[in-house]
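Participant: Have a look; sequence and predicted model below, questions after that.
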Amino acid sequence: MASPFNARWGILATGGIAATFVKDLLKNPKLRGTNDVTHTVTAVASSSSKARAEQFIAETKIPGPCAAYGSYAELVKDPNVDIIYVATPHSHHYQNTMLALEAGKHVLCEKAFTVNAAQAKILCETAKKKNLFLMEAVWTRYFPLSIKVRELIQKGEIGEVLRVIADNSFGEDVETVWGTQHRMVNKDLAGGALLDLGIYSLTWVFQTLYHTLPRSQRKPPSAIATHMTPYHLTGADEATTMLITFPTTTPSNLPNQTSHAVAMTHLRIATDPDKNNSTRPAIRIQGTKGEIQVDGPAFRPVRFRVIPRKDENATEPVTIREETFPFPDNGHGMYWEADEAARCVRDGKLESETLPWEESILIMEVMDEVRRQGGLTYPEKIESTVYPLQL
């Protein structure tokens, strides 16, 4: 039996999301049923100092040898690194990912992929030209729960899906908690609810209404309408609601039918105000034979239920089926996207079938249109497709 393929990771940035990702990478893959790939963290870089990278290595308990670098340029040159995990704010994804690709490294880039679709297209073109793997790190798509929901839709469990309602909102005292400089509200870091939280609402819309169709039948939205509330201190969006129409239905793609989605995000009100799943569900996937309800949070759900439509002649109540998907080895859930990236690198694939480049680009195009309608722009430098560009 062949030995598992080992992916050697370089971690670009040392913030909270990078620490969470690394802790998942270091967990035993066998405890989540993964026997064909393993992960090693061979290098970490901080843009501030080598000392910060060394501190990160110590805090996350990365076993040696693991190189520490005080610049991203040094990291991408390390011959012991196969794939770079880009964990910087959205504003820097384009520049950082281009740096890695130009150095010949495969890349897993945090969501939102970029600031705009133009940047996303260039990243994909560059990866294709250089024969490198590139993937947007929308970790939720790789959860067994998400896979099961997509399979149920494709099997016709709830009939023809005609509407999806998805919400991912945090209820915070925005002025007190985030002020003006925090990445969540700082336009210099592409802050706002849409790119940081709304991407998950759109993830559920696209993975259920779009991705469940064969690739040849997938069509972009035919109409998009949005309402946006700007944060009065910075101009970033604090609330965005999107109404999206697809010219298709799933799984049978009924003639003369469309499907609708309502995708919501907010910084002042919460999907789950008591943080105890009292206001379930966060996602409702509604079909002609019933619906699937997914409990929040939208980015890390562990439970869904299937509620069949009651037949008019039935005398007994419908049977509601609930399924729970805990995270093995007390993990956060980021290891599944890492496993996918490792398999793609091993197999010479440039993109993941679960989130192909065209779909990441399309979702960025939707967010471009949402921002256009809401009048939300970011500083020219972070919207730019010029590379290299000092931010």
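Facilitator: It's in.
Participant: How about the contacts made by Thr240?
Facilitator: Shown in contact with Thr240 (C-beta atoms under 8 Å, 6 or more residues apart in numbering): 192-194, 198, 226-229, 264-266, 370, 374. Where you see a C-beta, it was placed from the backbone N, CA and C, and this is true even at glycine.
Participant: Now with 7 Å, please.
Facilitator: With contact taken as C-beta atoms under 7 Å, 6 or more residues apart in numbering, Thr240 is in contact with Ala193, Leu194, Gly198, Thr226, Met228, Thr265, Val370, Gly374.
Participant: likewise Ile292?
Facilitator: Val149, Leu152, Ile158, Ile285, Phe304, Val306.
Participant: OK, contacts around the last one?
Facilitator: It stands for Val306. Listed by C-beta under 7 Å, 6+ apart, the contact set of Val306 reads Leu152, Glu157, Ile158, Gly290, Ile292, Arg321.
Participant: switch to 6 Å and redo it
Facilitator: Val306 makes contact with Ile292, Arg321, according to C-beta atoms under 6 Å, 6 or more residues apart in numbering.
Participant: Is it located within a helix, as I assumed?
Facilitator: No. Counting by DSSP: H, G, I helix; E, B strand; the rest coil, Val306 is not found in a helix; it is strand.
Participant: What are the boundaries of the helices in the protein?
Facilitator: For the chain, applying DSSP state H gives helices covering 16-25, 50-59, 72-75, 90-102, 117-130, 144-154, 174-177, 193, 199-209, 335-347, 357-374, 380-383.
Participant: Could you check how far Met228 is from His90?
Facilitator: 17 Å (C-beta to C-beta, to the nearest Å).
Participant: The two: which is more packed in?
Facilitator: Each of Met228 and His90 has its neighbours counted (other C-beta atoms under 10 Å); His90 has more, 24 against 19.
Participant: Low-confidence stretches in the chain?
Facilitator: 1 (pLDDT under 70).
Participant: ok, Thr258 - how many residues close by?
Facilitator: Neighbourhood size, Thr258 [other C-beta under 10 Å]: 15.
Participant: I'd say it and Thr248 touch.
Facilitator: No. Counting by C-beta atoms under 6 Å, Thr248 is not a contact partner of Thr258; they are 7.4 Å apart.
Participant: for the residue nearest to the spatial centre of the chain, phi and psi?
Facilitator: Nearest residue to the geometric centre of the chain (C-alpha atoms, centre = their mean): Val138, 2.2 Å. When read as degrees, to the nearest 10, the backbone of Val138 gives phi -90, psi 80.
Participant: now it: how far from Asn80?
Facilitator: Counting by C-beta to C-beta - Val138 and Asn80 are separated by 27 Å.
Participant: One more: Thr38?
Facilitator: The spacing between Thr38 and Asn80, counted by C-beta to C-beta, is 15 Å.
Participant: Looking at those two, which one has more neighbours?
Facilitator: Neighbour comparison, Thr38 and Asn80: the larger count goes to Thr38, with 17 against 12 (by other C-beta under 10 Å).
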